[in-house]
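[1] Sequence and predicted structure below; questions after.
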Amino acid sequence: MDWSASTWWWLVCGAMVAAELATGTFYLLMLALGAAASALAAHAGMAVTGQLVVGALVGGGSVAAWHVRRGRQPPAAEASANRDIHLDVGSPVHVAHWEPDGSARVSYRGAGWDARFAGTGDPVPGEHVVRAVDGNRLLLDRAPH
């Protein structure tokens with residue numbers, strides 16, 4: 001059985017996609033795009049050198065573009081304050097009384113929680129917002145007005 005160059009490129013593309021699924025390395029998908037572009041170049045009748053150039057330009061360009069895009073995004077919040085990890089972050093909480101050490105006991109989601117003031121200034125009773133979760137303790141800040 002004589003396989004064409006495009007068949008080999010499609011096999012390389014599939015192997016890269018499978019490796020990405022196994023490892024979670026998104027950059028492998030960008031390289032798989034390059035392999036797919038090389039396969040399309042082979043279907044178009046380009047020589048092997050042209051296929052390699054097309055694959056390198058598309059795959060390498062995709063990797064570079066994704067790297068630049070990720071570099072321009074703000075860094076993710078620390079895990080304890082990341083709303084994608086803790087759905088409680090940003091939720092309102094009413095504090096009736098603060099202890100002198102900046103701690104309080106609050107009712108949140110139908111249960112009693114330990115809370116600590118994590119904002120600036122002195123803690124005052126009233127509406128607050130969950131800024132982070134430290135174990136089973138809520139870190140609170142004053143709610144914006």
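    Structure received. Computed from a predicted structure; not experimentally measured.

[2] Which parts of this protein are helices?
    5-23, 27-43, 48-72 (DSSP state H).

[3] How about residues contacting the shortest one?
    When contacts are defined by CB atoms under 8 Å, 6 or more residues apart in numbering, helix 27-43 is touched by residues 4-6, 9-10, 12-13, 16-17, 19-20, 50-52, 54-60, 62-63, 66. In this view, the C-beta of every residue, glycine as well, is placed from N, C-alpha and C.

[4] Try it again at 6 Å.
    For helix 27-43, the surrounding residues in contact (CB atoms under 6 Å, 6 or more residues apart in numbering) are 5-6, 9-10, 12-13, 16-17, 19-20, 50-51, 54-55, 58-59, 62-63, 66.

[5] Equivalent analysis for stretch 53-70, please.
    27, 30, 31, 33, 34, 35, 37, 38, 41.

[6] any idea how far the longest strand seen in the chain is from the chain center?
    Ranked by residue count and defined by DSSP state E, the top strand of the chain is strand 126-134. Mean-position distance between strand 126-134 and its chain equals 23 Å (CA atoms, centre = their mean, to the nearest Å).

[7] That one - which strands sit beside it in the sheet, and in what orientation?
    Strand 126-134 sits in its sheet next to strand 92-95 (antiparallel), strand 137-142 (antiparallel), going by DSSP bridges.

[8] Give me the mean pLDDT for the last one.
    Translated: strand 137-142. Strand 137-142 shows a mean pLDDT of 92.

[9] for the first one, same thing?
    Average pLDDT, strand 92-95: 92.

[10] likewise stretch 32-44?
    Mean per-residue pLDDT for stretch 32-44: 96.

[11] Next, the buried residues of that stretch.
    Across stretch 32-44, burial judged by 16 or more other CB atoms under 10 Å covers 32, 33, 34, 35, 36, 37, 38, 39, 40, 41, 42.
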